[in-house]
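J.: Have a look; sequence and predicted model below, questions after that.
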Amino acid sequence: MNHKKIALRSGTEQALATGYETVIGLEVHAQMLTQSKIFCGCPTRFGADANTQICPVCAAFPGVLPVLNREAVQMAIKTGLAIHGQIRLLSEFSRKNYFYPDLPAGYQISQYELPIVEQGHLMIDSPERGEGIRIGITRIHMEVDAGKSLHEGIVGGSWVDLNRTGTPLMEIVSEPDLRSSAEAGEYLKKLRAIVRYLGVCDGNMEEGSFRCDANVSVRLRGASAFGTRCELKNLNSIRNVMRAIDYEVERQIELLEEGGKVIQETRLWNADLNSSRPMRGKEDAHDYRYFPEPDLPPLRLTAERVAAISAVLPELPDAKALRFQEQYQLSHYDAGVLTSSRELADFFEAVAAEAAALGQANAKMAANWVTGELAARLNRDGVEIQHSPVTPGQLGKLVAMIQQGTLSGKLAKEVFEILCNEGGDPQQIAEQRGMRQVSDEGAIDAAIEQVLANNPEDVAQYRAGKSKILGFLVGQVMKATQGKANPGLVNQRLLAKLAE
């Protein structure tokens, strides 16, 4: 396998170059943010000492009986409604039989033939196919999570931590509608934003509460039949999902081009080596010997209960992005970025509201500062928006000062750094440190006269037709005013003087 080529060329590019098409379906496991497990009262807190959050029910002692968590059902319904799915009023649990050391019962309680949600979809923007691509979602079903096998730092074998056993999961299964790693990334970002908006999952891939398995196959472009798929596991970030898909696409194409055959199997992704390795043969449904769970009755819902949940859903990313475009006159792209998380959207709206309260309602500038200077600072420091060193009120005042002409863009960035490092009020900082923008025509005219007198040759070249000299002269005026002059007014007055 040519690992160097894979590192330099995406699977999408390889598929296009060789006449193949990529087909991708994703299975996302989202841990629900319930306080207790799905069939018992044990807590679901992450990071507790191993095997301290278990009881006879989740440890599968003989004779115990499960009791369904009502809040887990509520969260599954919310998610189903948010992805435009059909909520089944009658669903049931089944036993999915397989053996793992961290699955104490020897089977997983899941939903198979009658899942709680069916036939949903998400809309994504595709780098290759444009805006508004519909990605079908086959189903959402509830199930229990398994425990965790511990291998690192253990001498002489492995340990099993059953704390996670019984944690309620939603498995969200997409149709094979994705056609590139980039589309898979966009789908995961959108789905993660939705579950976070709803408060049903924290979306933390590093902690394993939002996990993804990717089913990848390739086929000749124009073919109707799917190729043989391989499942990729151990994907703990969106970036790794995309890298693993690109690797798998290239691996399958090279295998087919060399006359080989793709084997249906499950493969483990190694992010450090940028490669995957076979884990086991990929099972089909019949291999799990599903049958109805005898200890749980069918789950029966009412249309009234579903309607009541629908009535209290929050404004979701797509609806919020559309409102941002209409209310704030933002572009499709800007609205999408700002609504990628509920916290970011709320922060932006608070900044825009503060600026508007001060008489400056240019929301585009507020959006630029939130996604530009502030985002860069947060990324640099590894800080989430909810822990921003600058409050929406402070940033809103700063934006208003720029719009009022009180601060130039350059000085505003200096005030922003002071706010990040020291805090304070933007107006007081500008006053106390002499950073207010000069908009007095008399003072600006005086600076212009001095610059023109000091640079007669440049003035003569400009008047002879070398218009690029204007930028130099503007820079000299800004330098003479220590960057405090209003740039727009400088350009206006300088042009007038040069025309005399």
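T.: Received the coordinates, thanks.
J.: Just give me how far stretch 315-329 sits from the chain centre.
T.: Its chain's average C-alpha position is 17 Å from that of stretch 315-329, according to CA atoms, centre = their mean, to the nearest Å.
J.: again, but for stretch 149-164
T.: 31 Å.
J.: repeat for stretch 261-271
T.: Distance, centroid of stretch 261-271 to centroid of chain: 26 Å (CA atoms, centre = their mean).
J.: Repeat that for stretch 134-143.
T.: Its chain's C-alpha centre and that of stretch 134-143 lie 19 Å apart, by CA atoms, centre = their mean.
J.: Identify all contacting residues around it.
T.: For stretch 134-143, the external contacting residues (CB atoms under 8 Å, 6 or more residues apart in numbering) are 38, 72-73, 76, 79-80, 83, 85, 91, 93, 96, 108-112, 115-124, 168-175, 177-178, 183, 187. Backbone N, C-alpha and C define where each C-beta goes, glycine included.
J.: again, only this time at 7 Å
T.: Under the contact criterion CB atoms under 7 Å, 6 or more residues apart in numbering, stretch 134-143 has outside partners 72, 76, 79-80, 83, 85, 108-111, 115-118, 120-124, 168-175, 177-178, 187.
J.: pLDDT of it, averaged?
T.: For stretch 134-143, mean pLDDT rounds to 97.
J.: Identify each buried residue in that stretch, please.
T.: Of all the residues in stretch 134-143, those buried under the rule 16 or more other CB atoms under 10 Å are Ile135, Ile137, Thr138, Arg139, Ile140, His141, Met142, Glu143.
J.: tell me which of those residues is nearest to Ile418?
T.: Ile135 (45.1 Å; CB to CB).
J.: contacting residues for Ala345?
T.: Lys320, Leu338, Thr339.
J.: again with Gly424
T.: Contacts of Gly424 by CB under 7 Å, 6+ apart are Ile418.
J.: just Phe347 next, same as before
T.: Counting by CB under 7 Å, 6+ apart, Phe347 has contacts Val370, Ile385, Pro392.
J.: following the helix or strand that contains it, which helix or strand comes up?
T.: Assigned by DSSP states H and E, Phe347 falls within helix 342-357. Moving toward the C-terminus from helix 342-357, the first helix or strand encountered (DSSP H and E) is helix 363-369.
J.: Show residues contacting that following helix.
T.: Under the contact criterion CB under 7 Å, 6+ apart, helix 363-369 has outside partners 328-330, 334, 338, 348, 351-352, 355, 395, 399, 402-403.
J.: other SSEs contacting the next helix or strand after that helix?
T.: The first helix or strand that comes after helix 363-369 along the chain, using DSSP H and E, is helix 375-381. Counting contacts by 3 or more CB pairs under 7 Å, 6 or more residues apart in numbering; DSSP states H and E, helix 375-381 packs against no other helix or strand.
J.: Give me the buried stretch members for helix 375-381, please.
T.: Across helix 375-381, burial judged by 16+ other CB under 10 Å covers Arg377, Leu378.
J.: For it, give me every contacting residue.
T.: For helix 375-381, the surrounding residues in contact (CB under 7 Å, 6+ apart) are Ile385, Ser388, Cys420.
J.: Report the residue spans of the chain with pLDDT below the cut-off.
T.: Where the chain drops to pLDDT under 70, the residues are 1-17, 153-154, 281-285, 436-440.
J.: switch the cut-off to 50
T.: Applying pLDDT under 50 to the chain flags the ranges 1-8.
J.: Would you mind writing the ChimeraX command to select the buried ones in the contacts of stretch 134-143?
T.: To isolate the buried members of the contacts of stretch 134-143 in ChimeraX, using 16+ other CB under 10 Å:
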select :72,76,79,80,83,85,108,109,110,111,115,116,117,118,120,121,122,124,168,169,170,171,172,173,174,175,177,178,187
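J.: Keep only those of the contacts of stretch 134-143 that are in strands.
T.: Members of these lying in strands (criterion: DSSP state E): 108-110, 117-118, 120-124, 168-174.
J.: if we can go back for a sec, output the buried residues of stretch 134-143 as TSV; include the columns distance to Lys364 and secondary structure.
T.: Shown next, in TSV, are these (distance: CB to CB, whole Å; DSSP: H, G, I helix; E, B strand; the rest coil):
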residue	distance to Lys364	secondary structure
Ile135	30	strand
Ile137	34	strand
Thr138	40	strand
Arg139	41	strand
Ile140	37	strand
His141	43	strand
Met142	43	strand
Glu143	45	strand
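J.: Just give the number of residues close to Glu343.
T.: Burial of Glu343 is recorded as 15 neighbouring residues (other CB atoms under 10 Å).
J.: How far off centre is stretch 131-148?
T.: The answer for stretch 131-148 is 16 Å, by CA atoms, centre = their mean.
J.: mind saving the C-alpha coords of that stretch as CSV?
T.: The C-alpha coordinates for stretch 131-148 follow below in CSV (Å, rounded to 0.1, in the frame of the first residue of the first chain):
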residue,chain,number,x,y,z
GLU,A,131,-25.7,23.8,-1.0
GLY,A,132,-28.8,21.9,0.2
ILE,A,133,-27.9,18.3,-0.3
ARG,A,134,-30.4,15.9,1.3
ILE,A,135,-28.9,13.1,3.4
GLY,A,136,-31.4,10.4,4.4
ILE,A,137,-31.5,9.0,7.9
THR,A,138,-32.8,5.4,8.0
ARG,A,139,-33.5,5.1,11.6
ILE,A,140,-32.7,6.1,15.2
HIS,A,141,-32.9,3.3,17.7
MET,A,142,-32.2,3.2,21.4
GLU,A,143,-29.8,0.7,23.0
VAL,A,144,-27.5,0.2,25.9
ASP,A,145,-23.8,1.0,25.7
ALA,A,146,-21.2,-1.6,26.5
GLY,A,147,-18.4,-1.3,29.0
LYS,A,148,-14.8,-0.4,28.2
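J.: about what we covered before: ranking the contacts of Ala345 by neighbours, who comes first?
T.: Leu338 (26 neighbours).
J.: That residue reaches Arg323, doesn't it?
T.: No - look at Leu338 against Arg323 with CB atoms under 7 Å: they stay out of range, at 10.9 Å.
J.: give the contact list for Gln31.
T.: Asp145, Thr167, Leu169, Cys201, Ser209.
J.: Need the max-distance pair from those residues.
T.: Asp145 and Cys201 (12.2 Å).
J.: Flag every buried residue along the helix holding Phe347.
T.: Arg342, Leu344, Ala345, Phe347, Phe348, Glu349, Ala350, Val351, Ala352, Glu354, Ala355, Ala356.
J.: cool, and stretch 34-48?
T.: Residues Thr34, Ser36, Lys37, Ile38, Phe39, Cys40, Cys42, Thr44 are the ones in stretch 34-48 that count as buried (16+ other CB under 10 Å).
J.: I'd like these laid out as CSV, including distance to Glu254 and secondary structure.
T.: CSV is the format used below for these (distance: CB to CB, whole Å; three-state DSSP):
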residue, distance to Glu254, secondary structure
Thr34, 45, coil
Ser36, 48, strand
Lys37, 44, coil
Ile38, 43, coil
Phe39, 46, coil
Cys40, 48, coil
Cys42, 47, coil
Thr44, 43, coil
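J.: Off-centre distance for stretch 389-396?
T.: With CA atoms, centre = their mean, you get 23 Å for stretch 389-396.
J.: ok, and what's touching that stretch?
T.: Phe347, Ala350, Val351, Ala353, Glu354, Ala355, Trp369, Leu374, Leu419, Cys420, Pro426.
J.: at 10 Å what do you get?
T.: 346-358, 360, 366, 369-370, 373-374, 377-378, 381, 383, 385, 388, 397-398, 415-417, 419-426, 429 (CB atoms under 10 Å, 6 or more residues apart in numbering).
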